[in-house]
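Asks: Structure for the following, please:
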Amino acid sequence: MACVVLGTDEFIPLAKAQVSAKGLPGLPVVTVPHPIGGIPAAMVAAKAEAIVDSVLRALTVNPDAGAAAMGAGEQTREVPGDIDEFQTWLMEQGWGDGLPAIPPTRERVARMLSATGRRPDDIAAILVPRLGRARVETIAANAVMAGALPEHLPVILAAVEAVADPAFNLQAIQTTTHPCSPLVIVNGPIAHRLGIHAGGNVLGQGARANAVIGRALRLILQNVGGARPGKEDRATHGHPGKYSYCMAENEAASPWEPLSVERGFSAGESTVTVCGSEAPHNINDHASTTPANIVTTVASVMATVGSNNIYLGGEPLVVLGPEHAATAASSGWSKDDFRRKVWERSAVPLLSFAQENLDRFATIYPEGFKDRPAGAVARVARDWRDIMVVVAGGAGKHSALIPTFGATRSVTRRITD
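Replies: Have a look, this model is predicted:
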């Protein structure tokens, strides 16, 4: 059966990486000038007509079976001994993130592996788009480069396994133009033991464990998964969390059960949860003294026409500051009470959307957007249970909204040695 890959010219690196990963490096790729979204239909048709001959040629010529495949195996290289030269070399290989990295020598990798009982050649996950084999030893090498300590490795391993879960939709998270990145949320005793920060400035700088765990996962997704920025990773803007995005829940300051317990784990178990998340957006409320008023503020920030969650669904995350959480629970509300009320209030009238977007959303989510009556609204999630709520941060009347890619589900895994 003849086959050709179609796309826009901006996505040629991703297309070539995908056909190589699938073992079809000679499969022809035919492109039109970018973009094809958000332009008049007549312009799209003209672009399509211009490549008809190229498509027909590609369908009637045998593909070049001898083209070089990208390959998904690991590579061992001799690296410069000088630390400064190593930084330049790493970036030239496409294996760095722009920040200084630690050379993953055999001795350092062996020391990292001492924190796990798993075999170095065990495959923890297959990571897209490259279909790279995330061997335990390879994960350890990237953890070394990120500056992680051996005790951080079990958390990193659990995070790698979590992002590979089909529900997470890693293929989309790795290659979308949307600015999303895996956010790692740690619960349980290991967070305190490793010093994974949950208090003031929780999503900022200053905590080594947060920085290196999040960074290690990002390097693994780039170097094993093959999502290189500007090539397979097609993010239009990205966000700073694509360097490192990791936090712990402030369980001691929460009036409710932690995320891990909510998901069926015991309070004594340590877990990692990954979410395909945007950057945090501040929620400022210095006046509200009742749960209902906190809900009003939170919902107003969530209800926007430009959110992926509003038409793709998913699980938008509310990170309540401890003071806001205390107010939200002050009249006996449970976490479920809070998120149900937020869901009810985070409604956007369909009249607020441009007609072109309504037409597009109607094909993606017809139940929410197609042939709806006058006065209908769209909500920030398909169901109130889809709104995630964790408590984190320090003193101050602030919380944070972290929207997600939408077509992704968060995944929670137990952390083991």
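
Asks: Quick one: neighbours of residue 356, just the number.
Replies: The burial count assigned to residue 356 is 9, neighbours taken as other CB atoms under 10 Å. Just so you know, the C-beta spots here come from the backbone N, C-alpha and C atoms, and that holds for glycine as well.

Asks: likewise residue 222?
Replies: 24.

Asks: Quick check: the gap between it and residue 10.
Replies: From residue 222 across to residue 10, the span is 19 Å (CB to CB, to the nearest Å).

Asks: Now that residue 19 has come up, it's in contact with residue 12, right?
Replies: No: applying CB atoms under 8 Å, one finds residue 19 not in contact with residue 12, separated by 11.0 Å.

Asks: Between the two, which is the more surrounded one?
Replies: Per other CB under 10 Å, whichever of residue 19 and residue 12 has more neighbours is residue 19, with 21 against 15.

Asks: buried stuff in stretch 242-252?
Replies: 242-251 (16 or more other CB atoms under 10 Å).

Asks: JSON lines for the residues you listed, including secondary structure and distance to residue 277?
Replies: Output for the buried residues of stretch 242-252, formatted as JSON lines (DSSP: H, G, I helix; E, B strand; the rest coil; distance: CB to CB, whole Å):
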{"residue": "242", "secondary structure": "helix", "distance to residue 277": "10"}
{"residue": "243", "secondary structure": "coil", "distance to residue 277": "14"}
{"residue": "244", "secondary structure": "coil", "distance to residue 277": "13"}
{"residue": "245", "secondary structure": "coil", "distance to residue 277": "7"}
{"residue": "246", "secondary structure": "strand", "distance to residue 277": "11"}
{"residue": "247", "secondary structure": "strand", "distance to residue 277": "11"}
{"residue": "248", "secondary structure": "strand", "distance to residue 277": "15"}
{"residue": "249", "secondary structure": "coil", "distance to residue 277": "15"}
{"residue": "250", "secondary structure": "coil", "distance to residue 277": "18"}
{"residue": "251", "secondary structure": "helix", "distance to residue 277": "20"}
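
Asks: what do residue 19 and residue 12 both touch?
Replies: Common contacts of residue 19 and residue 12 (CB atoms under 8 Å, 6 or more residues apart in numbering): residue 29.

Asks: Find the residue closest to residue 312 in space, skipping its chain neighbours.
Replies: Counting by CB to CB, 6 or more residues apart in numbering, residue 312 lies nearest to residue 406, which is 2.8 Å off, once chain neighbours are set aside.

Asks: Same question for residue 313.
Replies: Using CB to CB, 6+ apart, the closest residue to residue 313 is residue 382 (4.4 Å).

Asks: Could you report the distance from the one you found to residue 309?
Replies: 9 Å.

Asks: same question, residue 128
Replies: 23 Å.

Asks: Neighbour count: the two, which is higher?
Replies: It is residue 309, of residue 128 and residue 309, that has more neighbours when counted by other CB under 10 Å, with 27 against 24.

Asks: Could you pull out the helices in the stretch 251-400 of the chain for me?
Replies: 259-262, 291-302, 309-312, 322-328, 335-345, 355-364, 366-369 (DSSP state H, counting those that start in this stretch).

Asks: Can you say which of those helices is nearest to residue 181?
Replies: Nearest to residue 181 among those is helix 309-312; the distance by CB to CB comes to 15.9 Å.

Asks: circling back: so which of the helices of the stretch 251-400 of the chain gets nearest residue 278?
Replies: helix 309-312 (9.5 Å).

Asks: Which strands and helices lie in contact with that closest one?
Replies: Under the contact definition 3 or more CB pairs under 8 Å, 6 or more residues apart in numbering; DSSP states H and E, helix 309-312 sits against helix 355-364, strand 377-379.

Asks: out of these, nearest to residue 345?
Replies: Here strand 377-379 is closest among these (CB to CB), at 9.4 Å.

Asks: list the buried ones in that closest one?
Replies: 378-379.

Asks: Stretch 32-39 too?
Replies: residue 32.

Asks: Let the chain start at 20 from now.
Replies: Got it, first residue is 20 now, which makes that one stretch 51-58.

Asks: mean confidence for it?
Replies: The predicted model gives stretch 51-58 an average pLDDT of 87.

Asks: Give me the contacts around that stretch.
Replies: 25-30, 63, 66-67, 69-70, 375.

Asks: Can you give me the end-to-end span of that stretch?
Replies: End-to-end distance of stretch 51-58 (CA to CA, to the nearest Å): 13 Å.

Asks: and that stretch, how far from the chain's centre?
Replies: Centre-to-centre, stretch 51-58 and its host chain are 25 Å apart (CA atoms, centre = their mean, to the nearest Å).

Asks: Of the contacts of stretch 51-58, which is the most crowded?
Replies: In these, the most neighbours by other CB under 10 Å go to residue 30, 19 neighbours.

Asks: right, and the secondary structure at that one would be what?
Replies: helix (DSSP: H, G, I helix; E, B strand; the rest coil).

Asks: For the residue nearest to residue 402 when sequence neighbours are not counted, the count of nearby residues, please.
Replies: Among residues not flanking residue 402 along the chain, residue 362 sits closest, at 7.5 Å (CB to CB, 6+ apart). Applying other CB under 10 Å, we find 22 residues neighbouring residue 362.

Asks: that older thread, could you dump the contacts of stretch 51-58 into CSV with pLDDT and distance to residue 104 added?
Replies: Shown next, in CSV, are the contacts of stretch 51-58 (pLDDT from 0 to 100; distance: CB to CB, whole Å):
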residue, pLDDT, distance to residue 104
25, 88, 43
26, 85, 38
27, 91, 38
28, 87, 36
29, 87, 34
30, 86, 34
63, 84, 49
66, 84, 46
67, 86, 49
69, 87, 47
70, 87, 45
375, 94, 52
